[in-house]
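# what's the 3D shape of this:
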Amino acid sequence: MSYAQLTNRGSLRDIENCLTALSSRLYHCGISYAVPRNTLAKANEKRDWRIYADFAQVLVKKVRPLYAKDDFRLDLDNMVYAFDSSTISLCLKLCPWAKFRKHKGGIKMHTLLDLRGNLPVSVYLTEASVHDVKALDYLYIEPSAIYLMDKGYVDFYRLFHLIHEKNAFFVTRAKDNMRFDITACCEVDKSTGVIA
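A predicted model of the protein is given here:
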């Protein structure tokens, strides 16, 4: 499965075809023959998914320090994270537990990305119907860090208690129906990349 991930294979059939095409070279990897699709499917079914999650965390912990000093193109000492979600469509026939709409299945992946190295810090999977803002409850908030997020995460009670009270900062877009008062205006130097 590591081969499949590293070579961006999209399906078990794709993995099987590639392994068959490379069958004369597989001995370098300790594989004596091309593995049939059925064997791959059974191995995936029996293997605990947490081993991949744990392995991913080990890799992230090793790689993050390599990018910690990367130029962020902004003069900031703070850590900067982006938090967003993606809905992953799933076939209802294969994943009946993932019912999202009448004829659609899916899960939602909430990802916290360290923008200094474009590395995922954490990934949370929820049902596709779970509103984005509820994923804020799972975040570990780092003091003095800046969290960028879309307007789907605007819930000022949560943002205040989960981020502001931990001496961190958040940046989000305003919802169209948001009521607010402007208390001060500051000049913006658009040449720095900040537009509003």
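# residues touching the spatially most distant residue from the centre of the chain, list them.
Centroid-distance maximum for the chain: Ser24 at 36.6 Å, with C-alpha atoms, centre = their mean. Going by C-beta atoms under 8 Å, 6 or more residues apart in numbering, Ser24 touches no other residue. Placement of C-beta: from N, CA and C, glycine included.
# also the one 10 residues further on?
Residues counted as contacts of Ala34 (C-beta under 8 Å, 6+ apart) are 16, 19-20, 22-23, 26.
# cutoff 10 Å now
15-24, 26 (C-beta atoms under 10 Å, 6 or more residues apart in numbering).
# do Asp54 as well
Asp48 are the contacts of Asp54 under C-beta under 10 Å, 6+ apart.
# quick one: it is in a strand?
No - with DSSP: H, G, I helix; E, B strand; the rest coil as the criterion, Asp54 is helix rather than part of a strand.
# do you know how far it is from Ser24?
33 Å (C-beta to C-beta, to the nearest Å).
# look at Arg116 and say how many residues are nearby.
17 (other C-beta atoms under 10 Å).
# for Arg173, that is, sorry about that
Arg173 has 14 nearby residues by other C-beta under 10 Å.
# what sits against the most centrally placed residue in the chain?
For the chain, the residue nearest the mean C-alpha position is Thr111 (2.8 Å; C-alpha atoms, centre = their mean). For Thr111, the contacting residues are 81-86, 120-124, 135, by C-beta under 10 Å, 6+ apart.
# so how far is stretch 151-166 from its chain's centroid?
20 Å (C-alpha atoms, centre = their mean, to the nearest Å).
# next one: stretch 85-100
17 Å.
# could you do stretch 93-104 as well?
22 Å.
# ditto for stretch 128-143
That offset, for stretch 128-143, works out to 12 Å (C-alpha atoms, centre = their mean).
# same deal with stretch 142-151?
Using C-alpha atoms, centre = their mean, the offset of stretch 142-151 from its chain centre is 15 Å.
# just the CA trace of stretch 144-157, in PDB.
Taking C-alpha atoms only, stretch 144-157 is exported to PDB below (Å, rounded to 0.1, in the frame of the first residue of the first chain):
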ATOM      1  CA  SER A 144       0.000  33.000  19.500                       C
ATOM      2  CA  ALA A 145      -0.700  31.100  16.300                       C
ATOM      3  CA  ILE A 146      -2.900  32.500  13.600                       C
ATOM      4  CA  TYR A 147      -5.700  30.400  12.200                       C
ATOM      5  CA  LEU A 148      -7.200  31.200   8.800                       C
ATOM      6  CA  MET A 149     -10.500  29.700   7.900                       C
ATOM      7  CA  ASP A 150     -13.500  30.100   5.700                       C
ATOM      8  CA  LYS A 151     -16.800  31.700   6.700                       C
ATOM      9  CA  GLY A 152     -18.300  28.300   7.300                       C
ATOM     10  CA  TYR A 153     -16.400  28.300  10.600                       C
ATOM     11  CA  VAL A 154     -17.900  31.600  11.800                       C
ATOM     12  CA  ASP A 155     -19.300  31.000  15.300                       C
ATOM     13  CA  PHE A 156     -18.100  33.700  17.500                       C
ATOM     14  CA  TYR A 157     -18.900  31.800  20.700                       C
END
